[in-house]
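Visitor: curious how this folds, go ahead:
(one chain, ligands or ions: 1)
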Amino acid sequence: MQGYNALFPMAFHYTGTPILVMAESIATGDKFLQWLFRNVYDVPEEVMKKMSNPEFLAKYFHMVSKRALERYGLAIDWRREFTSIDPEFQKFIEWQFLKLRELGYIEQGTHPVGWCPAHSMPVGMHDTKDDKEPELEEFTVILFRNEKGIAFPTATLRPETVFGVTNIWINPQEKYVIADVNGDSWVLALRAVNRLKYQLRIEIKEEIEGSKLMNTKVRNPITGEWIPILPGEFVDPSTATGVVMSVPAHAPFDYIALIDLKNNKKYPESSKIAQELEPRSIITVPGYSSIPARDAVIKRGIKSQNEKELLEDATKEIYSAEFSTGTMKNEIIEIVMKYNNNLEVIEFIKKYIAGKSVKEAREKTKELLKKLNAYAIIYEIINKPVYCRCGAEVVVKLLEDQWFINYGNLKWKKKAREALSNMRIVPEEVRSQFEATIDWLQRKACARTRGLGTPLPWEKSWIIESLSDSTIYMAFYTVIHKIREFQIPPEKLIPEFWEFVMLGRGDVKELANKLGIDEWKLEAIRREFDYWYPLDWRVSGKDLIPNHLTFFIFNHVAIFPRDKWPKGIIAHGWVLVEGEKMSKSKGNTIPLMKTIDMYGVDAVRLALVTIAEVNQDLNFTSTATYAAAEYLAKLANFIENLYTFDTRDKCELIPDKWLCSVVSKRIEKVTKLLESVRIREAAIEVFYNIKSDIEKYLSMVNKPCNIIKDIIENWIKLMAPFTPHIAEELWHMIGKSTFVINEKWPEAISRDFDSELAIKYVDVVISDIREITKVLKKTPNKVVLYVTPSFAYSILRDLVTEGIKKDSMRKIIENLATKGLSKKVAATQARRIIGLSQQLSDELKELIRHVEHFDEYSILKTFSDYIAKSVKASNIEIMNSYDKEAPDLGRKKEVALPLKPGIYIE
Ligand SMILES: [Zn+2]
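Guide: Residues are numbered from 1 along each chain as shown. Reported below is the predicted structural model:
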């Protein structure tokens with residue numbers, strides 16, 4: 001409507017395992033899925049039987065979705081429709097991956113990934129229940145050894161606290177094992193082995209009850225002191241190793257557990273040993289005592305180790321306080337010298353750890369542990385539990401020979417940041433999330449051993465996974481219809497073809513010869529890409545910021561030159577249904593088609609745009625949608641009626657000019673709002689506020705003037721993008737034979753500030769009278785309005801346009817004195833006019849600036865019937881407040897100010 005060509009395409013993503021898993025579940029008779037298909041998606045029985053075929057299943061929902069999008073009235077160019085398993089698309093993805101590999105962004109290696117043990121396959125957000133991306137965190141493992149040299153591996157995020165360890169915790173109620181781990185001998189909780197075996201080579205040698213390990217001693221690898229193993233029932237073997245080092249001064253859990261044990265009769269011997277132990281302070285933190293863990297525990301009134309939530313909160317507080325402002329105490333040197341005679345270790349601590357910030361000390365402690373052979377790494381899923389769609393809990397696997405895209409590459413990150421900084425991001429608040437994602441992204445497994453999709457071009461047993469083949473497909477939209485039109489077979493879509501089409505590289509003559517395709521055809525395809533790219537907007541959900549949307553930026557900057565980098569992203573909020581997040585597992589998803597059948601297309605569209613702005617979560621409710629349907633019906637009636645009104649020819653009355661002006665203002669506003677993607681606000685202007693303007697206009701005139709017809713035309717054009725079907729109906733109803741969607745977007749007709757100020761003024765007078773009658777609790781009989789003469793308006797206008805100056809007061813008094821006011825009255829008036837000028841709304845100030853002369857008396861005379869009708873008064877009298885002859889009813893003369901008449905009510 002604004003005269004630009006716009007490309008709005010749609011394709012279907014078949015890639016990955018979710019479809020496969022779903023088809024398998026149908027085949028094995030999954031009751032819930034069958035229920036979901038039958039009752040939520042209305043899948044017919046005879047179709048149900050075929051759903052165990054994954055491609056059939058995908059195709060079925062593909063067609064259902066397409067029909068819904070068509071009925072929804074989206075102007076999609078279906079010539080460009082494709083699926084991600086079409087051979088042409090696969091050739092495109094092959095080219096993309098060969099490019100990424102050539103650029104050094106793809107590598108093979110051993111890295112941790114989220115892993116489904118049942119599927120034996122890496123899993124990402126698209127494979128998990130509730131679409132949870134497994135977030136991995138690296139833990140430092142410190143090996144404490146007993147006199148036999150058997151290691152007790154404690155996993156920690158805070159290796160620098162090894163200096164403050166007083167004991168080791170082991171859960172006396174759990175089973176432990178002694179196992180061969182990567183050639184060393186470790187003690188691990190049996191339950192931990194089941195998870196850690198995906199990361200470490202573990203061979204169990206013997207099982208042992210946790211209780212049997214109590215009160216034996218192990219040696220701190222850095223300080224060299226011998227410390228006891230004590231019972232800790234809070235130790236959870238479903239996290240890390242099931243062996244925990246205790247740092248009571250700096251870890252709230254350890255602090256409270258130590259106190260508990262001292263008072264515990266259950267383990268008398270351990271309790272006795274615990275009596276000897278005191279928290280050892282090794283870190284200074286501003287704002288805390290020497291035992292920060294105790295401060296945090298006391299602050300929350302924590303009494304026992306069972307208050308897990310409070311303890312976790314306390315842990316977070318201490319962790320972040322110590323990390324950001326903590327310093328390692330110098331006393332750690334003496335501690336080490338007392339037990340350890342290794343001079344190298346002591347020198348290292350003196351030089352790199354003592355007196356240093358916690359941040360620095362953490363890295364250096366790891367280095368020291370490595371030197372001492374007391375160091376290992378394990379990974380944990382910090383947002384666990386995460387479940388695969390098959391139901392198995394996701395674990396971390398150290399995957400060997402896996403193919404990765406290395407988003408950790410620093411040069412690549414730099415380019416991605418550059419692209420982001422030049423992009424429009426809506427809402428702007430999420431830009432920092434993109435920045436953070438670019439910062440933390442590292443290697444990402446990009447291929448799977450099963451599922452639908454494109455095989456890796458150099459190792460066909462791997463299938464490129466769904467978050468990796470969906471990053472530059474927008475470029476494919478620009479050319480696929482031409483490839484089909486020219487009937488180019490997939491085998492001709494070799495990398496050189498894409499190099500030319502997407503990057504303009506290579507000799508077109510040579511390529512034409514090689515492929516047996518006319519040169520002009522290749523040029524034509526290239527032109528299509530060049531015409532449409534870069535894309536202006538990628539519109540998607542906020543949940544895809546940490547993966548898809550950021551990968552989209554990375555891959556564009558890797559493959560394309562700067563002038564083809566994307567220009568904007570819109571990240572919208574969730575769609576909730578009756579206040580709840582939609583999820584397949586809850587069965588509360590509503591297919592779009594169902595809503596269309598229930599409420600009508602335009603009702604659904606109006607509800608979706610008016611419920612929330614794109615950046616907010618949208619709570620789709622049947623009440624709101626039903627209300628939208630009813631409103632649209634009323635609105636259509638209103639316009640139909642309005643169009644049949646008898647009209648006047650000349651549009652010269654104040655209300656005529658006013659209507660033209662305010663609708664012009666709304667057109668400008670709607671255009672601006674849409675440009676800034678504030679669609680909800682724009683829709684409210686169009687559907688609600690313009691209607692109120694027209695209703696008000698009708699109440700001010702006996703017969704509308706014929707400008708109303710132009711206004712209706714413009715109004716319908718404004719509706720077209722929101723509710724296209726009703727807009728077309730109305731367009732034809734007013735006698736047009738074209739499509740409104742092909743019309744030009746309306747422009748402001750004309751602004752008329754004089755009439756806007758006049759009506760604004762009348763509105764203020766009406767609302768003031770209403771306020772007063774409300775206070776008086778009576779219906780007015782006679783209303784007397786005292787207005788100031790027009791020179792008073794000029795005084796106010798000078799204050800608005802020029803601002804208040806030092807001599808403003810004196811000048812106004814002088815001015816008023818010449819109009820016959822006494823010095824005293826003039827001074828009061830001047831003070832109050834200045835006061836008034838400071839209270840005016842911006843809207844009113846704007847109008848005053850544009851209106852030089854304003855005669856309140858004649859405006860109120862013109863509108864006295866309208867005012868009387870509006871406030872239900874039988875008689876309105878208007879008097880000049882400076883007229884000495886006029887009676888001063890209720891002493892209201894002197895309260896009259898410009899644009900604010902004195903009001904007397906009888
Ligand atoms: Zn699984």
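Visitor: when you work out contacts or count neighbours from here on, use the C-alpha atoms and nothing else.
Guide: Will do.
Visitor: now do the residue of the stretch 201-350 of the chain found nearest the ion against Ile667, distance only.
Guide: Nearest residue of the stretch 201-350 of the chain to the ion: Ser238, at 19.2 Å (CA to the ion). Per CA to CA, to the nearest Å, Ser238 is found 61 Å from Ile667.
Visitor: these two - which one has more neighbours?
Guide: Neighbours per residue (other CA atoms under 10 Å) separate Ser238 from Ile667, with Ile667 holding more: 24 against 14.
Visitor: for the closest residue to the more buried one other than its chain neighbours, give me its contacts.
Guide: Distances taken as CA to CA, 6 or more residues apart in numbering place Ala748 nearest to Ile667, at 5.9 Å, with adjacent residues excluded. With contact taken as CA atoms under 8 Å, 6 or more residues apart in numbering, Ala748 is in contact with Val663, Ser664, Lys665, Ile667, Glu668.
Visitor: any idea how far the residue nearest to the second one when sequence neighbours are not counted lies from the ion?
Guide: In space, and not counting its chain neighbours, Ser664 is closest to Ala748: 4.1 Å by CA to CA, 6+ apart. Ala748 sits 59 Å away from the ion, taking CA to the ion, to the nearest Å as the criterion.
Visitor: with Ala886 instead?
Guide: Ala886 is 90 Å from the ion, by CA to the ion.
Visitor: right, and that residue touches Asn880 too?
Guide: Yes: between Ala886 and Asn880 there is a contact at 7.4 Å, judged by CA atoms under 8 Å.
Visitor: who has more neighbours, those two?
Guide: Asn880 (19 against 12).
Visitor: the lowest-mean-pLDDT helix or strand in the chain pairs with which strands, parallel or anti?
Guide: Least confident helix or strand, the chain: strand 121-122 with a mean of 82, by mean pLDDT, DSSP states H and E. Paired strands of strand 121-122, with direction, are strand 106-116 (antiparallel) (DSSP bridges).
Visitor: please work out the average pLDDT along the strand it pairs with.
Guide: Strand 106-116 shows a mean pLDDT of 90.
Visitor: before we move on, what about stretch 336-343?
Guide: Mean predicted lDDT for stretch 336-343 stands at 89.
Visitor: list the buried ones in that stretch?
Guide: Val336, Asn340 (16 or more other CA atoms under 10 Å).
Visitor: gap between it and the chain center?
Guide: How far stretch 336-343 lies from its chain's middle: 53 Å, per CA atoms, centre = their mean, to the nearest Å.
Visitor: kindly report the same for stretch 442-451.
Guide: For stretch 442-451, the distance to the chain centre is 26 Å (CA atoms, centre = their mean).
Visitor: got the contact list for that stretch?
Guide: With CA under 8 Å, 6+ apart, stretch 442-451 has contacts from 15-17, 20, 111, 113, 121-122, 402-409, 456, 461-465, 467-468.
Visitor: cool, stretch 833-851 as well?
Guide: Contacts for stretch 833-851 (CA under 8 Å, 6+ apart): 753-754, 756-757, 796-797, 799-801, 804, 809, 897-898.
Visitor: of these, closest to the ion?
Guide: Closest to the ion, out of all of the contacts of stretch 833-851 and judged by CA to the ion, is Glu756, at 66.1 Å.
Visitor: residue ranges in this protein under the pLDDT threshold?
Guide: 584-585 (pLDDT under 70).
Visitor: what residues does it put near the ion?
Guide: Cys116, His119, Cys388, Cys390 (CA under 5 Å from the ion).
Visitor: got the phi and psi for the residue nearest to Ser664?
Guide: phi -60, psi 140 (degrees, to the nearest 10).
Visitor: how much space between it and Ser692?
Guide: Distance from Ala748 to Ser692, by CA to CA: 18 Å.
Visitor: check Ala629 too.
Guide: In terms of CA to CA, Ala629 sits 18 Å off from Ser692.
Visitor: nearest residue to the middle of the chain?
Guide: Lys542 (3.6 Å; CA atoms, centre = their mean).
Visitor: hang on, isn't it packed against Ala571?
Guide: Yes: proximity of Lys542 to Ala571 meets the contact threshold set by CA under 8 Å, at 4.7 Å.
Visitor: packing partners of the longest helix along the chain?
Guide: Determined from DSSP state H, the single longest helix within the chain is helix 753-776. For helix 753-776, the packing partners by 3 or more CA pairs under 8 Å, 6 or more residues apart in numbering; DSSP states H and E come out as helix 654-675, helix 842-850, helix 856-862, helix 864-871.
Visitor: deepest of these, which one?
Guide: helix 654-675 (a mean of 20; mean count of other CA atoms under 10 Å).
Visitor: tell me the angle of it relative to helix 753-776?
Guide: 100 degrees (axes from the mean of the first three to the mean of the last three CA atoms, to 10 degrees).
Visitor: list the helices and strands helix 654-675 packs on?
Guide: helix 679-684, helix 690-700, helix 707-719, helix 753-776.
Visitor: any chance of JSON lines for those helices, columns distance to Arg443 and mean neighbour count?
Guide: JSON lines is the format used below for the helices and strands packed on helix 654-675 (distance: least, CA to CA, whole Å; neighbours: other CA atoms under 10 Å):
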{"stretch": "helix 679-684", "distance to Arg443": "38", "mean neighbour count": "20"}
{"stretch": "helix 690-700", "distance to Arg443": "53", "mean neighbour count": "16"}
{"stretch": "helix 707-719", "distance to Arg443": "47", "mean neighbour count": "20"}
{"stretch": "helix 753-776", "distance to Arg443": "61", "mean neighbour count": "18"}
